[in-house]
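1. Based on what follows, work out the 3D shape:
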Amino acid sequence: PLLSAALLPRGGSSRLLGARTLHATAVSRAQDYYDVLGLPKTASTGEIKRKYYEKAKQYHPDTNKNDPEAAKKFAAGTEAYEVL
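-> I've put the predicted structure just below:
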């Protein structure tokens with residue numbers, strides 16, 4: 001067989017472990033990126049860019065030195081913008 005026994009679930013099924021959850025995770029994570037920026041899934045590239053710059057300015061660590069949550073929100077917004 002082409003598949004290693006280490007990759008197979010107990011019982012020897014040829015279906016790889018976690019194959020189903022990878023797809024679902026990718027879809028839900030894409031939705032989360034829109035939520036992070038506060039945008040609908042139908043947002044245009046321009047809307048995504050404008051909202052990212054708005055959030056980046058609001059949560060930038062240099063502007064919010066005493067708020068550790070702001071740095072996390074800034075990082076999450078940057079990741080969402082890069083992916084979208």
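2. Contact partners for L37?
-> Under the criterion of CB atoms under 8 Å, 6 or more residues apart in numbering, the contact list for L37 reads 43, 48, 51-52, 55, 77, 80-81, 84. Backbone N, C-alpha and C define where each C-beta goes, glycine included.
3. again, only this time at 7 Å
-> With CB atoms under 7 Å, 6 or more residues apart in numbering as the criterion, the residues that contact L37 are 48, 51-52, 55, 77, 80.
4. so how far is P68 from it?
-> In this structure, L37 lies at 21 Å from P68, with CB to CB, to the nearest Å as the measure.
5. got it, and A80?
-> Relative to P68, A80 is positioned 19 Å away (CB to CB).
6. again, but for P61
-> Counting by CB to CB, the separation of P61 from P68 is 9 Å.
7. Show me which of those two is the more surrounded one.
-> Set side by side, P61 and P68 show more neighbours around P61, with 14 against 9, by other CB atoms under 10 Å.
8. How about that one: what's its closest non-neighbour residue?
-> Spatial nearest neighbour of P61, chain neighbours left out: A71 (4.5 Å); criterion: CB to CB, 6 or more residues apart in numbering.
9. one step back: out of the contacts of L37, who's nearest Y33?
-> Distances from the contacts of L37 to Y33 were compared by CB to CB; the smallest belongs to A80, at 3.9 Å.
10. wait, doesn't that closest one sit right on G38?
-> No - in this structure, A80 is not within contact of G38 by CB atoms under 7 Å, at 10.0 Å.
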